[in-house]
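A.B. asks: predicted model and sequence below, questions to follow.
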Amino acid sequence: MSEQNILFVVLLIWGIPSTYFRSRFRKIVYATDDWKINIKPLFKKELIALFSNSLPADQAYIKARNHYRFYLVIYLILFLIYYLLF
């Protein structure tokens, strides 16, 4: 397997948990347990909550936001490595 294929597979595998992290984060931000929140394109409130501190007293929000941020940073790094090398 070439380096390009290996990095592509790593990128795909790292992308699998994205649905879990995004779902958990969105449920806290939009204050719902409805599964349909995962398929609705509600971005503004989500992006504001991701890059700011929308709910400073909510420890579940802060923990979910930090996990989601970490996940997205690693995903961005992997994507940039793939894009810049190949």
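C.D. replies: Okay, I see it.

A.B. asks: which parts of this protein are strands?
C.D. replies: With DSSP state E, there are no strands along the chain.

A.B. asks: tell me what the lowest-mean-pLDDT helix or strand in it is packed against?
C.D. replies: Lowest by mean pLDDT, DSSP states H and E among the helices and strands of the chain is helix 3-15, with a mean of 90. When contacts are defined as 3 or more C-beta pairs under 8 Å, 6 or more residues apart in numbering; DSSP states H and E, helix 3-15 packs onto helix 59-85. Just so you know, the C-beta spots here come from the backbone N, C-alpha and C atoms, and that holds for glycine as well.

A.B. asks: the helix it packs on: how far from the chain's middle?
C.D. replies: 6 Å (C-alpha atoms, centre = their mean, to the nearest Å).

A.B. asks: buried residues in that helix?
C.D. replies: By neighbour count on 16 or more other C-beta atoms under 10 Å, the buried set for helix 59-85 is 61, 64-65, 68, 71, 75, 78.

A.B. asks: name the helices or strands packed onto it?
C.D. replies: Using 3+ C-beta pairs under 8 Å, 6+ apart, helix 59-85 sits against helix 3-15, helix 18-29, helix 44-51.

A.B. asks: closest one to L85 among those?
C.D. replies: The closest of these to L85 is helix 3-15. By C-beta to C-beta, the value is 7.3 Å.

A.B. asks: and the contacts of the closest one?
C.D. replies: Contacts of helix 3-15 with the rest of the structure, by C-beta atoms under 8 Å, 6 or more residues apart in numbering, involve 1, 74-75, 78-79, 81-82, 85-86.
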